[in-house]
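*Asks:* Mind folding the following:
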Amino acid sequence: MRKTTRSLFAIGCAVAALGAAGCGTTSENTGQAQPQDQSAHCGGPDRQYTIGMSQANLAEPYRVRMDEDIRKAAAEVPQFEVEFADAAKDNSKQVTDVENFLTKQVDLLMISPNEAAPLTDVVTKAYNRGVPVILLDRKIEGDAYTTYIGADNVAIGRQAGEHFARTLLPEGGKILEIQGLSGSTPAKERADGFRRGIQGSGIEIVATADGEWERSVAQEKADALLKSHPDVRAVYAHNDPMAEGAFLAAQAAGRDDLMFVGIDGLPIPSGGIKAVEAGRLDATNLYPTGGEEAVAAAKALLIDCTEVPKTQTLPTELITKDNAAAVYARLNEG
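*Replies:* As a prediction, this is how the structure comes out:
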């Protein structure tokens, strides 16, 4: 009778597998977030915890700094050990990285997705398995995560647009836009926000290109766009490395008259704030990495047994030559 029961169960699993990834794990594979009790993740201060951090890539200085900020903050929490993985801009590799973290049974997942759609299923799987998920900088589709930490990219884009409209090109003019990786949520949001900021200003975006968040790619794209549009007056780039790439392309073309605005404002010698101080960029817009805040959220969830908000919006500010030195000094205090 027991063999018959087990056989019937196995048959039931095989049939169920046609509509789900596995028998007994249907909730993991529905594609929808299952309700979670944040307090269920907490083990208190007397346990050790392993955190998996899945980074989209380490080609961007911003992401290198994010990992450094996480590493530094985690070093202050004796109970934490953080393992890092670099997806190298490869969605499939990042899916595998997250799967590997799940196999290792990490206590919490941090992830900055390369692109939203390709990472949604595996992040949802982790969340529905009961693993707390902290999204950094970039989002997934849906709400299968514990908390999202990042600045308001629409607001940042609008801030950049308003600076163009009020200060750089108050009488209007033609500009180029070097966008971030297509499919990543900040690229769309920074583009949308910028258009709101320049609305009704007489500023015209005559061409856009996907710079993939990288300086070398942006330099190549900007070189082609400047040849096609010799009458542009400025470049708006979705991050500082791409703005610097466009600056290099303009220098090679003998275009010393152009203006450049980026986003990130990393407080490092090679970052956007110093580029503003040096005059290569006319402005940047601060975009904190959220690394310190991510570790604080992990501590709240795993050690302190307190809840964290679904969204944690980090502050931003416009950085120009007038305040660049002061902002740089402030961000490097301590």
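*Asks:* Could you pull out the helices in the chain for me?
*Replies:* 2-16, 61-74, 91-103, 116-128, 153-163, 185-198, 215-228, 240-252, 272-278, 291-302, 324-331 (DSSP state H).
*Asks:* just so I know, which of the ones you listed lies nearest D37?
*Replies:* For D37, the closest of these is helix 291-302, at 11.1 Å, according to CB to CB. Yep, even glycine has a C-beta here, placed from its N, CA and C like the rest.
*Asks:* Count the neighbours of the residue lying closest to E177 once chain neighbours are set aside for me.
*Replies:* Leaving aside its chain neighbours, E177 sits nearest to T208 (4.4 Å; criterion: CB to CB, 6 or more residues apart in numbering). T208: 14 surrounding residues under other CB atoms under 10 Å.
*Asks:* who touches the residue most central in space within the chain in this structure?
*Replies:* Centroid check for the chain by CA atoms, centre = their mean gives D137 as the closest residue, at 2.8 Å. Contact analysis of D137 by CB atoms under 8 Å, 6 or more residues apart in numbering lists 66, 112, 149-150, 186, 289-290.
*Asks:* If we use 6 Å, what do you get?
*Replies:* 112, 150 (CB atoms under 6 Å, 6 or more residues apart in numbering).
*Asks:* Tell me the spacing between it and I156.
*Replies:* Plainly put, D137 is 12 Å away from I156 if you go by CB to CB, to the nearest Å.
*Asks:* export the helices of the chain to CSV and tack on distance to T50, mean neighbour count and mean pLDDT?
*Replies:* Below are those laid out as CSV (distance: least, CB to CB, whole Å; neighbours: other CB atoms under 10 Å; pLDDT from 0 to 100):
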stretch, distance to T50, mean neighbour count, mean pLDDT
helix 2-16, 31, 10, 38
helix 61-74, 11, 19, 97
helix 91-103, 9, 18, 98
helix 116-128, 14, 21, 96
helix 153-163, 30, 22, 98
helix 185-198, 27, 21, 96
helix 215-228, 34, 19, 97
helix 240-252, 32, 24, 98
helix 272-278, 34, 23, 98
helix 291-302, 10, 23, 98
helix 324-331, 30, 16, 96
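*Asks:* Tell me which of these sits nearest to G172.
*Replies:* When the helices of the chain are compared by CB to CB, helix 185-198 sits nearest G172, at 9.0 Å.
*Asks:* Between helix 116-128 and that closest one, find me the angle.
*Replies:* 120 degrees (axes from the mean of the first three to the mean of the last three CA atoms, to 10 degrees).
*Asks:* And for the closest residue to T146 other than its chain neighbours, the neighbour number?
*Replies:* The shortest distance from T146 to any non-neighbouring residue, by CB to CB, 6+ apart, is to P132 (4.5 Å). If you count neighbours by other CB under 10 Å, P132 ends up with 26.
*Asks:* Can you give me the pLDDT of P132?
*Replies:* P132 is assigned a pLDDT of 97 by the prediction.
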